[in-house]
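Asker: Need a 3D model of the following:
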Amino acid sequence: MILTEKTVQDSVAFAKARSKAKEYAGDPGKLASLLDRASKKAEAKKGPLSEVRDSLMACLRLLRACAQKRYSLPWQSLGLIVAAVVYFVMPVDLIPDFILSLGFADDAALLAWTFRQVKSDLEDFRRWELEQAESEAPGDVAEAS
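Answerer: Here you go, the predicted model:
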């Protein structure tokens, strides 16, 4: 089998992840647990996910902000991102994660496709994050003197 983004999108494993995404998106406690598992897995598997890692971590922060009602996202984007994260944490998907060197290729392909689909939402979130950081930062040196 040749691995393509389309192969992963059309897989039974991704269909299963999409159906579970509704469960997680509607329950902040379950979503928080999913995000914890995804964060741990992303930290443990830095190498195989290097190309998508920054976007993955941003999406995990985005979902956390949504779960905490600090940020909102269109339902379609929310569902797609949650489904991709569910797929990522599933140990047995199109290519099981225990297969060395190949096990995360399908995860990376699906995550890359997802990030392209929600690119503008992710950019908006990153801008929002920067605004939040700037508004929480202490006054600059000129104000202090």
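
Asker: Identify the residues contacting G79.
Answerer: R18, A21, K22, A25 (C-beta atoms under 8 Å, 6 or more residues apart in numbering). (C-beta placed from N, C-alpha, C; glycine too.)

Asker: hmm, which of those residues are the buried ones?
Answerer: R18, A21, A25 (16 or more other C-beta atoms under 10 Å).

Asker: ok, the contacts of G79 vs V85, which is closest?
Answerer: A21 (8.1 Å; C-beta to C-beta).

Asker: in this protein, which segments are predicted with low confidence?
Answerer: 1-5, 7-8, 48, 92-103, 139-145 (pLDDT under 70).

Asker: All the helices of it, residue numbers only.
Answerer: Here the chain has its helices, by DSSP state H, at 5-9, 12-25, 28-44, 53-67, 75-89, 105-117, 119-136, 141-144.

Asker: Report the distance from the third one to the chain centre.
Answerer: It refers to helix 28-44. 10 Å (C-alpha atoms, centre = their mean, to the nearest Å).
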